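Engineer: Attaching a predicted model along with its sequence, questions to come.
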Amino acid sequence: MEVFNQVKEFAEEHATGLVVVIIAGTGLIAIRRWMAGAVCRSKARLDVKTVLITGANTGIGKETAVDLASRGARVILACRDMGGANRAADEIRKRSGNGNVVVKQLNLASLQSVRALAADVKASEERLDILINNVGIMMCLQWKTEDGFEMQFGVNHLGHFLLTNSLLDLLKKSTPCRVVNVSSLAHEKGKMHFDDIHLDKDYDPIISYCQSKLANVLFTKELARRLSGTGVTAYSLHPGAIRTELGRHMTQSMPLWKLMMYAPMMLLWPLIKSPWEGAQTTIYCAVDESLQNVNGLYYSDCAPKQAKLQACDDVAAMKLWDISASMVRLA
């Protein structure tokens, strides 16, 4: 009884503070739930199907791999870091209960590596039902790929462009099948700099990243047009703001005043999406039955979303395709 009276007395003395704490806590819970986004509800099985995911050793790629392996798929992890990929494969096998998870080498900053992986997959796999172009690099220094391309455009777009085209025969053989391109809300700020695609004249890591993410959406649009009626469908998506290592290069490439612009995001870091939550739209685009007869759209939080005007430009999409095909020497 004495303890009860003490609690009651404390509550009366600090009533205003307690109300503030309760309201703030409720608000934070509401923000957290909103930022978590939607969840893929599909129960689709992927038994006897084969999935290839680029960069599936960390972040949303790994969570996507766990989910699709849990559905019975044979999952190929195409990764640059073989040590990390093998460790991830062990974890994915344990979490999914599916031992049919394999690792293959892929460095998207090397066209030779992309071609080698595609040749390996075509020689060793009878089918490929889902290709998930997941790898991304964000706001790095003005680095170049092995072939001399600006790194963000080279990895985020050109590497996946070549990989997808190199696997098209196997994809068409496995229809119905899907190509899922992980883009970003950053495409909304993007512009295709066709006169200086590598931004050699005035490189900016943010402008470069936004251009590469716009390229993902335009590539998806043109791919869907070219593959219309073949049984291969393509989707692009924004996974959301996620607690991953994607932004690890920002402190190197951006001046302090620009980094300060992201300070509010750092304060919200504990509230933004986990990798599992961030993987949900990728999973949705890969498996949801409602998308079976849909092609070329852009998604966010497991639902179609209108991409920005520059991402809906048919002429730009065709121009990007032609330039990309020339750059990667697509036969």
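Structural biologist: Done, it's in.
Engineer: Output whichever strand or helix holds residue 178 as CSV - backbone C-alpha positions only.
Structural biologist: If you go by DSSP states H and E, residue 178 is part of strand 177-182. Extracted as CSV, the C-alpha positions of strand 177-182 are listed here (Å, rounded to 0.1, in the frame of the first residue of the first chain):
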residue,chain,number,x,y,z
CYS,A,177,9.6,-15.1,-65.3
ARG,A,178,10.5,-11.8,-63.8
VAL,A,179,13.3,-9.2,-63.7
VAL,A,180,13.3,-7.0,-60.6
ASN,A,181,15.4,-3.8,-60.6
VAL,A,182,16.0,-2.1,-57.2
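Engineer: on contacts alone, who are the packing partners of that strand?
Structural biologist: With contacts defined as 3 or more CB pairs under 8 Å, 6 or more residues apart in numbering; DSSP states H and E, strand 177-182 has these neighbours: strand 130-133, helix 205-226, strand 232-238, helix 280-287. Where C-beta positions appear, they are placed from N, C-alpha and C, glycine not excepted.
Engineer: Out of those, which one sits most buried?
Structural biologist: Scoring the helices and strands packed on strand 177-182 by mean neighbour count under mean count of other CB atoms under 10 Å gives strand 130-133 as the most buried, with a mean of 28.
Engineer: Give me the contact list for that one.
Structural biologist: Strand 130-133 has contacts (CB atoms under 8 Å, 6 or more residues apart in numbering) with 46, 49-54, 56, 61, 64, 68, 73, 160, 163-164, 167, 171, 177-182, 216, 282, 286-287.
Engineer: repeat for stretch 182-191
Structural biologist: Against stretch 182-191 from outside (CB under 8 Å, 6+ apart): 60, 132-134, 136, 206-207, 209-217, 220, 236-239, 282, 298, 300, 307-308, 310-311.
Engineer: Report the buried residues of that stretch.
Structural biologist: The neighbour-count criterion (16 or more other CB atoms under 10 Å) identifies 182-184, 186-190 as the buried residues of stretch 182-191.
Engineer: Repeat that for stretch 141-154.
Structural biologist: So for stretch 141-154, counting by 16+ other CB under 10 Å, buried means 143, 145, 147, 149-154.
Engineer: Equivalent analysis for stretch 71-78, please.
Structural biologist: For stretch 71-78, by 16+ other CB under 10 Å, it's 71-78.
Engineer: What is the most widely separated pair among these?
Structural biologist: Distance extremes for the buried residues of stretch 71-78: the farthest pair is 72 and 78 at 19.8 Å, using CB to CB.
Engineer: Residue 280 contacts residue 42, doesn't it?
Structural biologist: No - between residue 280 and residue 42 there is no contact under CB atoms under 8 Å: 10.4 Å.
Engineer: Just list the residues touching the nearest residue to residue 225 once chain neighbours are set aside, thanks.
Structural biologist: Nearest residue to residue 225 in three dimensions, chain neighbours excluded: residue 296, at 6.8 Å (CB to CB, 6 or more residues apart in numbering). Contact analysis of residue 296 by CB under 8 Å, 6+ apart lists 220-221, 223-225, 233-235.
Engineer: can we see that at 7 Å?
Structural biologist: 220-221, 224-225, 234 (CB atoms under 7 Å, 6 or more residues apart in numbering).
Engineer: just residue 153 next, same as before
Structural biologist: Per CB under 7 Å, 6+ apart, neighbours of residue 153: 197-198, 208, 211-212, 215.
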